[in-house]
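Peer 1: Dropping a prediction and its sequence here:
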Amino acid sequence: MSLLFDVPQPMVIAVNGEDADFPVGRIFCVGRNYVAHAKEMGSEVDREAPWYFCKTPTAAIPSGSTVPYPPGTENYHHEMEFGIAIGADAFRVSVDQAADAIYGYFSALDMTRRDRQSDAKETRRPWDVSKDFENSAVVTAITKVGDFGAVGPQRMHLAVNGEVRQDTRLDDMVWNSEEIISHLSHFYHLRPGDIILTGTPAGVGAVVAGDVITGCVEGLDPIELTIAAAE
Ligand code: MN
């Protein structure tokens with residue numbers, strides 16, 4: 001088959017200890033999964049209602065990248081997140097069954113045009129422009145679930161130019177990995193290649209051209225993103 005032109009391909013993520021890469025199918029993101037972050041955004045976490053937004057797979061880039069400050073914002077924010085890589089079909093699975101779908105974990109940044117998100121909230125319009133755009137999902141290599149072990153009190157933190165801004169423990173998540181997968185699987189037929197960004201803790205904030213974002217989840221590869229001048 002001949003194609004009229006090439007389009008950007010979804011990224012593949014390296015897997016620690018594996019020769020083959022993990023191709024990204026879809027990117028799901030969880031909103032408000034840490035109590036302290038919900039409060040800083042002016043909301044209370046509702047334990048009964050997790051909710052989601054998506055990013056286009058071509059929006060993903062690997063950790064270590066340098067990206068231009070994006071157009072259309074004057075308040076570009078970092079959100080450090082714990083990522084789940086899905087390695088098996090999951091449709092209407094229970095919380096107990098959900099663990100079988102987890103291939104591994106990675107560190108991620110859910111980069112956000114916070115001003116456009118505020119506009120969208122105010123006007124009750126969709127979030128796409130605030131969340132789903134080029135270079136807005138930054139991911140590290142995947143660590144396989146067996147090499148990571150149980151999710152618990154591991155520290156997750158993010159610094160800008162070396163100054164710590166976000167600092168939490170994975171067990172501070174309102175919804176854990178299995179609960180998220182189970183709930184999401186009642187809306188989507190999850191399949192290998194899907195990834196989930198599980199929400200950000202308190203301390204989100206703006207970055208500007210010249211800033212270097214570094215972050216780490218204890219037990220996973222560290223993440224890094226450099227913000228260059230706008231194009
Ligand atoms: Mn987020």
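Peer 2: Thanks, I have it.
Peer 1: Need the residue closest to the centroid of this structure.
Peer 2: The centroid of the chain falls nearest to residue 197 when counting by Cα atoms, centre = their mean (3.2 Å).
Peer 1: ok, what's across the strand from it?
Peer 2: Judged by DSSP bridges, the bridge partners of residue 197 are residue 29, residue 83.
Peer 1: Quick check: the gap between it and the ion.
Peer 2: Relative to the ion, residue 197 is positioned 6 Å away (Cβ to the ion, to the nearest Å). Where C-beta positions appear, they are placed from N, C-alpha and C, glycine not excepted.
Peer 1: and the stretch of helix or strand residue 85 belongs to, does that touch the ion?
Peer 2: Per DSSP states H and E, residue 85 falls inside strand 80-86. No - contact of strand 80-86 with the ion (Cβ under 5 Å from the ion) is absent, the minimum separation being 5.6 Å.
Peer 1: which other helices and strands contact that strand?
Peer 2: Helices and strands touching strand 80-86, by 3 or more Cβ pairs under 8 Å, 6 or more residues apart in numbering; DSSP states H and E, are strand 102-110, strand 155-160, helix 177-184, strand 195-197.
Peer 1: Tell me the strands beside the longest one, with direction?
Peer 2: Strand 102-110 has the following strand partners under DSSP bridges: strand 80-86 (antiparallel), strand 137-139 (antiparallel), strand 143-144 (antiparallel).
Peer 1: hmm, that strand in reach of the ion?
Peer 2: Yes - Strand 102-110 reaches the ion (Cβ under 5 Å from the ion) through residue 110.
Peer 1: mean confidence score for that strand?
Peer 2: The pLDDT scores in strand 102-110 average 98.
Peer 1: The lengthiest helix in the chain - contacts with which helices or strands?
Peer 2: For the chain, the helix with the greatest residue count under DSSP state H is helix 114-123. On a contact count with 3+ Cβ pairs under 8 Å, 6+ apart, helix 114-123 meets helix 128-131.
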